[in-house]
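1. only geometry, no sequence info:
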């Protein structure tokens, strides 16, 4: 199960996200602050998908936890991207949990980091 690929595809299916980030979606790594001249999205798994929901001695779902950060130099862009990401994640079965919103005065970067949890059914059981 390629959960990262599924999340990437869900984000890229949103026209606003696709146009605004123009390919600047990273996995696991954060950009150098000097690279942030346009918005970035960073997808970071918090833990490996965990087996959950058992029946007849078989686990049925993966419990997944991801953090998705938006970095940009514009507060409004950061906020709008984060809202579109929330909606895209909801559409693929993830709900928003905790998060943080901050501004770094030294770099001028606005950062919105939100955690998303979801349960995905195993592909091989369908």
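-> Perfect, thanks for sending it. Computed from a predicted model, the values in this text were never measured in an experiment. Numbers count the residues shown, from 1 in each chain.
2. buried residues, the helix or strand of the chain with the lowest mean pLDDT. List them.
-> Least confident helix or strand, the chain: strand 40-55 with a mean of 90, by mean pLDDT, DSSP states H and E. Judged by neighbour count (16 or more other Cβ atoms under 10 Å), strand 40-55 contains these buried residues: 40-44, 49. To be clear about C-beta, it is placed using only N, CA and C from the backbone, and glycine gets the same treatment.
3. present the residues you listed as CSV; the columns should include distance to residue 119.
-> Formatted as CSV, the buried residues of strand 40-55 follow (distance: Cβ to Cβ, whole Å):
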residue, distance to residue 119
40, 28
41, 23
42, 23
43, 18
44, 19
49, 10
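4. can you show me the strands along this structure?
-> Using DSSP state E, the strands found in the chain span residues 25-27, 40-55, 58-72, 94-104, 109-121.
5. of those strands, which is nearest residue 34?
-> When these are compared by Cβ to Cβ, strand 109-121 sits nearest residue 34, at 10.3 Å.
6. what pairs with the closest one, parallel or antiparallel?
-> Strands that pair with strand 109-121, judged by DSSP bridges, come out as strand 58-72 (antiparallel), strand 94-104 (antiparallel).
7. tell me the angle that strand makes with strand 40-55.
-> 20 degrees (axes from the mean of the first three to the mean of the last three Cα atoms, to 10 degrees).
8. what pLDDT, on average, does strand 109-121 get?
-> Mean pLDDT, computed over strand 109-121, is 93.
9. what is the top helix by length along the chain packed up against?
-> Determined from DSSP state H, the single longest helix within the chain is helix 75-91. On a contact count with 3 or more Cβ pairs under 8 Å, 6 or more residues apart in numbering; DSSP states H and E, helix 75-91 meets helix 3-12, helix 15-21, strand 58-72, strand 94-104, strand 109-121.
10. possible to save these as a markdown table with mean neighbour count and distance to residue 27?
-> As requested, the helices and strands packed on helix 75-91 are exported to a markdown table (neighbours: other Cβ atoms under 10 Å; distance: least, Cβ to Cβ, whole Å):
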| stretch | mean neighbour count | distance to residue 27 |
| --- | --- | --- |
| helix 3-12 | 16 | 6 |
| helix 15-21 | 15 | 13 |
| strand 58-72 | 19 | 10 |
| strand 94-104 | 13 | 16 |
| strand 109-121 | 19 | 15 |
